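>>> how would this look folded up:
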Amino acid sequence: MPGAADDKYSRGVLGVVTGSDQYPGAAVLGVESASRTGVGMVRYVGDDVPAGLVLQRRPETVTSAGRVQAWLLGSGMDAAHRGPANTERLRSALAEGVPAVVDAGALDLVASATAPVAITPHYRELSRVLADHGVVASPEQIAADAAGWARRAARLIGVTVLLKGHLTHVAAPHGAVLQISTGPDAGWLAAAGSGDVLGGVLGALVATHADVIARDGHDAVAALAATAAALHGAAGAAASEACDGGPITALDVAEAMPAVVGGVVGGR
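Got it, this is the predicted structure:
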């Protein structure tokens, strides 16, 4: 919780390089959910098209470079079609020495990281990541043993793995696999953009707990990843309950986040 002496910098600054001309909404959803989870400032330094949409939705977002406590990278990008400007932005962020949350179109660059990293793949993305490291596992094989494959990937790559699914699995390079199953019963969270919201939530938590990560490394990252998954699921459930158990969108989940965070920190 921020105290009376905190300012926007001490509350945590999250740098964001997400979205693309093809998938600009990922940037909007990640910035939106990070802002609503409790970070002090978001710096968006991605492409111009998503930057404009981010500012329309969240005008408090800063679009100039500067010091950050953590990075959110790769959502809404395709590594096969990633331009040189975004590749340079992603590599520079990973080399900066602060923790990062890496998704989708930046997963191929994880080896460039110089600080603890959490990756947030779904089954197909984890299959591709493993293949890049010489391990063959189909999405179906991963789905059949999600906990085991999350553990193997974490140890092989040296990162914390948040493997998305109806039951989310979080594995650090060394330690137990955490399983998180919060969320609406009907599975409404299986919707476009839901993972982008989850990335923003985790990015905010990593930025606000960067000092803990500096001390405890991947143990802290894994705990934060599990917390992000639990908050994401709870916000999905709250959003669905607000419409009598009906369907929800990713933006609904982000908009439900402040009340969920408030309930957690208030002991409710």
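
>>> so when I look at H169, I'm seeing a helix, right?
No: under the criterion used here (DSSP: H, G, I helix; E, B strand; the rest coil), H169 is strand, not part of a helix.

>>> bridging residues for it?
On the basis of DSSP bridges, H169 is bridged to L163, Q179.

>>> give the contact list for it.
146-147, 150, 161-163, 177-180 (C-beta atoms under 8 Å, 6 or more residues apart in numbering). Using the backbone N, CA and C atoms, a C-beta is placed for each residue, glycine as well.

>>> of those, grab the buried ones for PyMOL.
Those of the contacts of H169 that count as buried under 16 or more other C-beta atoms under 10 Å are selected in PyMOL with:
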select buried, resi 146+147+150+161+162+163+177+178+180
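
>>> which one of the contacts of H169 sits closest to A113?
Closest approach to A113 among the contacts of H169 (C-beta to C-beta): V161, at 13.7 Å.

>>> so A226 touches V170, yeah?
Yes: look at A226 against V170 with C-beta atoms under 8 Å: they come within range, at 4.7 Å.

>>> now do stretch 239-254: distance to the chain's middle.
Averaging C-alpha positions (C-alpha atoms, centre = their mean, to the nearest Å) puts stretch 239-254 20 Å from its chain's average.

>>> any buried residues in it, and which?
239-240, 248-254.

>>> how about JSON lines for the residues you listed, with distance to A192 and secondary structure added?
Compiled in JSON lines, those are given as follows (distance: C-beta to C-beta, whole Å; DSSP: H, G, I helix; E, B strand; the rest coil):
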{"residue": "A239", "distance to A192": "15", "secondary structure": "helix"}
{"residue": "S240", "distance to A192": "16", "secondary structure": "helix"}
{"residue": "I248", "distance to A192": "12", "secondary structure": "coil"}
{"residue": "T249", "distance to A192": "8", "secondary structure": "coil"}
{"residue": "A250", "distance to A192": "7", "secondary structure": "helix"}
{"residue": "L251", "distance to A192": "11", "secondary structure": "helix"}
{"residue": "D252", "distance to A192": "12", "secondary structure": "helix"}
{"residue": "V253", "distance to A192": "12", "secondary structure": "helix"}
{"residue": "A254", "distance to A192": "13", "secondary structure": "helix"}
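
>>> and those, which is closest to L107?
A250 (20.1 Å).

>>> N86 versus the nearest residue to the closest one once chain neighbours are set aside, what's the distance?
In space, A250 comes closest to G193 once its chain neighbours are excluded; the distance is 3.1 Å by C-beta to C-beta, 6 or more residues apart in numbering. Distance of G193 to N86, given as C-beta to C-beta, to the nearest Å: 20 Å.
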